[in-house]
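Student: sequence below, structure please.
(2 chains)
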Amino acid sequence: MNIELLAPAGSKEKMFYAFLYGADAIYFAGREYGLRANAKNFSRDEMKETVEYAHSLNKKCYVTVNIVFHDEDLDGIKEYLLFLDSIKVDAILASDITVISLYKELKLHMELHISTQASTLNREAALFYKSMGAKRIVLAREASREDIIDIKKNTGLDLECFVHGAMCTSFSGRCILSNYCTNRDSNRGGCAQICRWEFDYYKDNKKITDKKFSMTSKDLNMIEYIKDMSSIGVNSFKIEGRMRSIYYVSTVILTYRRLIDKIKNNTLTDNDKEYALKILNRVANRESMSQFYNKLPGVNEQYYLGRKEESNQDFLGLILDSNNGLVKIEERNYFKVGDKVDFLGPSFETFSYVIDTIYDIDMNKLDVANHPQEIVYLKLDRDIPKHSMMRVHIE
Amino acid sequence: MNNKILININNLDEIDIYKKASITNFLFPLEEFSIGFKAFKLNEIPDNSYILVNRIFDKKTLDNFIKIVPELKRFKGILFEDIGVFNLLKNSNIDIELIWNQAHFVINYNSINFYLNNGCNSAVLSSDITGNEIKEILSKVNKSIILPVFGNNMIMYSRRKLLTNYNTYNNIDNINDVILDETHTNNKFFVRESDYGTVIFSNSEFNYFNFIKDIDDNKIKYYLICNINKSPEDIISIINGKNIGNDGFLNKKTVYKMSEYTDRK
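Tutor: Alright, predicted model coming up:
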């Protein structure tokens, strides 16, 4: 069983952490034609370097070319696709038939993956894309277990499914609330997320309630079902979040990496899943659940009341160096002597530690570390690899 | 002009009223396979009509649709959203016009020409592009296409039952066809739910009848009216020039990078 773990990479730094923490492949966009127009994204030089770096690790890079094209976007797309092919990108993700047909016309070597933006939910649509040269379909987030089985059985295509992260309230691509309310084009990467706003609720010119109407979806979380998904033929587990932090990407990737490895070794237990859920529920600022896989989402899969999305402050520090147990840390959030913290990294089991002493850069003792990006030292009984992370302890 | 109007039907009694005004091309949303509009059972729909199939199909919906494909031959054409419908029908021997009608995707001439060159008879231009974009597309497509000219813009399509969920959570009677009022940007939306999901429309109609005086009529197969709640009499008066509605996206070019957004403001 070969299961791919696919990570978002909104920047080169996020790409680095995604691979380090266990992703088999990443997806990202160039400065044009991607649906996260306001992520840092990648210059052409960065894309070339990234592909070379990924291939040196025997990992893969997929580039999103999945906007819905207006006439003004057509100039340059042919040259862009040829460029991506020339730097040996492993696949492009596309939803507009202009890109899909160009893929065939230009006889490109990289693979064609159909973006979730196309909202593919049935075998006939998948067969059409297969006839256009697609190797893989990123299924709509609305795909049920039954839909996935049917498409796999009748097409033989590789199937990629989102397993974690934010959900659109609408079918992907079928929403222009952002265009309508703010002039920002949702299908060209400018979505203002109006579906997370609040509305007054009227019927026949009468206000029904003073409570605000909300249609905000909770996030997706497929921990409970990833073993089943792999058994029905899903080839790639995709994590959403090109705009998320390196802490979020690293934590989510590491969590799924360890579960996938346990599925492969047939050692996955309920305790493993329970612990993973605790980790994932902490790292995001929204609740997460399985959504469409085994039922139609109902009343419990949305938010209804006003809620603030507060930034997560679990990420305490990034490990910069370690020598004879003296661990050099770049602080990210407040911590103090006596706090119980966790260290996590790709090459060791997560462990907890009660902070005994904090030193500043001149080795003076501190009671607290409360200046983000300040360099401090902790004394441990072991070394911690560079690029590991320190977070709030999770039981 | 009126012989080029294509209009959806909300009530079978409307047909005679429209025919008296020389409007004879009708679109019937097909029950189980369409969303957002009043839908009709297969046996209610007159021969030689156009049918609207604008749902995104899951396995079950596709399986049920395949069962009725042989009955589609008595219709003139089908406006489809799901590419699976296109793949199914282009490989069948059913003689019916295939019309690409994928919400928000029919916005560049190259993609339109792909479908026109590969089995589609026409396409319905999305109603979220500018007037200049419409003119450019019309100058470059190689068959005549369908242009929406009046209606409530379909803004969002969700598989979720957004009204049922909200009403249930708040112990509100299960009302449908509601208005959402977004007070920051001062926009109102009409929301309709069915067993197949929820559609959000703009609450105010776009009206392109002035705009179309300046376009190449030869490139227009039909002028489409998508009517969710107006009487036939109102619709006929609008066709005849009554000034109701706004200019939609005709003069509203969208941006997508924050720097452009800031510059524009």
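Student: all helices of the stretch 1-150 of chain A, in order?
Tutor: A:12-20, A:44-56, A:71-74, A:77-86, A:97-105, A:123-131, A:145-155 (DSSP state H, counting those that start in this stretch).
Student: repeat for the stretch 151-265 of chain B
Tutor: With helices called from DSSP H, counting those that start in this stretch, the stretch 151-265 of chain B shows them at B:162-169, B:232-239, B:258-264.
Student: now the nearest residue to A:Asp360 once chain neighbours are set aside: how far from chain B?
Tutor: Nearest residue to A:Asp360, sequence neighbours excluded (Cβ to Cβ, 6 or more residues apart in numbering or on different chains): A:Leu366, at 5.5 Å. In short, each C-beta sits where N, CA and C put it, glycine included. Per Cβ to the nearest Cβ, to the nearest Å, A:Leu366 is found 39 Å from chain B.
Student: pull out the buried positions in stretch A:331-348.
Tutor: Using 16 or more other Cβ atoms under 10 Å in any protein chain shown as the test for burial, stretch A:331-348 gives A:331-333, A:335, A:339, A:341-346.
Student: could those residues go into TSV alongside distance to chain B and pLDDT?
Tutor: As requested, the buried residues of stretch A:331-348 are exported to TSV (distance: Cβ to the nearest Cβ, whole Å; pLDDT from 0 to 100):
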residue	distance to chain B	pLDDT
A:Glu331	29	97
A:Arg332	25	95
A:Asn333	27	95
A:Phe335	33	96
A:Asp339	37	96
A:Val341	36	97
A:Asp342	35	96
A:Phe343	36	97
A:Leu344	33	96
A:Gly345	34	97
A:Pro346	34	96
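Student: among those, which two are most distant?
Tutor: For the buried residues of stretch A:331-348, the farthest-apart pair by Cβ to Cβ is A:Asp339 and A:Pro346; their separation is 23.6 Å.
Student: can you tell me the centre-most residue of the chain?
Tutor: Reading this off chain A. With distances taken as Cα atoms, centre = their mean, the residue of chain A nearest its centroid is A:Glu240 (2.7 Å).
Student: actually it's chain B I care about, not the one you picked
Tutor: B:Cys226 (5.9 Å).
Student: sorry, back to before: show me what the residue nearest to A:Asp360 is bridged to.
Tutor: Taking DSSP bridges as the rule, A:Leu366 bridges to A:Ile358.
Student: between the helices of the stretch 1-150 of chain A, which gets nearest to B:Asp47?
Tutor: With Cβ to Cβ as the criterion, B:Asp47 lies closest to helix A:123-131 of those, at 25.9 Å.
Student: which residues touch A:Ser236?
Tutor: For A:Ser236, the contact set (Cβ atoms under 8 Å, 6 or more residues apart in numbering or on different chains) comprises A:3-6, A:25, A:136, A:158-161.
Student: to B:Asn25, which of the helices of the stretch 1-150 of chain A lies closest?
Tutor: That would be helix A:97-105 among the helices of the stretch 1-150 of chain A, by Cβ to Cβ, at 26.7 Å.
Student: now residue 165: closest residue in space, sequence neighbours ignored.
Tutor: Picking chain A for this. Using Cβ to Cβ, 6+ apart, the closest residue to A:Gly165 is A:Glu240 (2.6 Å).
Student: chain B is the one I meant
Tutor: A:Val299 (4.7 Å).
Student: quick one, what contacts that neighbour?
Tutor: Going by Cβ under 8 Å, 6+ apart, A:Val299 touches B:164-165, B:168-169.
Student: most neighbours of all those residues, which one?
Tutor: Neighbour counts for these peak at B:Asn165, which has 21 neighbours (criterion: other Cβ atoms under 10 Å in any protein chain shown).
Student: so B:Ile137 is in which element?
Tutor: Taking DSSP states H and E as the criterion, B:Ile137 maps to helix B:131-140.
Student: now that helix: buried residues?
Tutor: Buried residues in helix B:131-140 (16+ other Cβ under 10 Å): B:131, B:133-134, B:136-138.
Student: how far is it from where the chain is centred?
Tutor: Distance of helix B:131-140 from its chain centroid, counting by Cα atoms, centre = their mean, to the nearest Å, is 19 Å.
Student: who are the packing partners of that helix?
Tutor: helix A:71-74, helix B:109-117, strand B:145-158 (3 or more Cβ pairs under 8 Å, 6 or more residues apart in numbering or on different chains; DSSP states H and E).
Student: name the residues that touch it?
Tutor: A:70-72, B:107-109, B:112-113, B:125, B:129, B:145, B:147, B:211, B:214-216, B:219-220, B:250-251.
Student: how far away is A:Ser172 from chain B?
Tutor: Between A:Ser172 and chain B the distance, using Cβ to the nearest Cβ, works out to 10 Å.
Student: identify, from the contacts of A:Ser236, the entry nearest to chain B.
Tutor: Nearest to chain B among these, counting by Cβ to the nearest Cβ, is A:Leu159 at 13.6 Å.
Student: in a helix, B:Lys143, correct?
Tutor: No: judged by DSSP: H, G, I helix; E, B strand; the rest coil, B:Lys143 forms no part of a helix; its state is coil.
Student: and it, backbone torsions?
Tutor: When quoted as degrees, to the nearest 10, the phi and psi of B:Lys143 stand at phi -140, psi 170.
Student: what residues does the nearest residue to it once chain neighbours are set aside make contact with?
Tutor: Nearest residue to B:Lys143, sequence neighbours excluded (Cβ to Cβ, 6+ apart): B:Leu116, at 4.7 Å. B:Leu116 is in contact with B:122-123, B:141-143, counting by Cβ under 8 Å, 6+ apart.
Student: same check on A:Ala54?
Tutor: A:Ala54 makes contact with A:15, A:19, A:25-26, A:60-61, according to Cβ under 8 Å, 6+ apart.
Student: now B:Gly245
Tutor: B:150, B:204-207, B:238 are the contacts of B:Gly245 under Cβ under 8 Å, 6+ apart.
Student: one more pass at 7 Å, please.
Tutor: B:Gly245 is in contact with B:150, B:204-207, counting by Cβ atoms under 7 Å, 6 or more residues apart in numbering or on different chains.
Student: tell me what angle the helix holding B:Ile137 forms with helix B:109-117.
Tutor: Orientation of helix B:131-140 against helix B:109-117 (axes from the mean of the first three to the mean of the last three Cα atoms, to 10 degrees) gives an angle of 40 degrees.
Student: tell me how far A:Leu127 lies from A:Glu32.
Tutor: Distance, A:Leu127 to A:Glu32, by Cβ to Cβ, to the nearest Å: 30 Å.
Student: no, scratch that, I was asking about A:Leu81
Tutor: For A:Leu81 relative to A:Glu32 (Cβ to Cβ), the value is 11 Å.
Student: between the two, point out the one with more neighbours.
Tutor: A:Leu81 (23 against 17).
Student: do I have it right that the more buried one meets A:Ser101?
Tutor: No: judged on Cβ atoms under 7 Å, A:Leu81 makes no contact with A:Ser101 at a distance of 11.1 Å.
Student: helix or strand with the lowest mean pLDDT in chain A?
Tutor: One helix or strand of chain A scores below all others by mean pLDDT, DSSP states H and E: strand A:288-289, with a mean of 88.
Student: helices and strands around it, which ones?
Tutor: strand A:219-221 (3 or more Cβ pairs under 7 Å, 6 or more residues apart in numbering or on different chains; DSSP states H and E).
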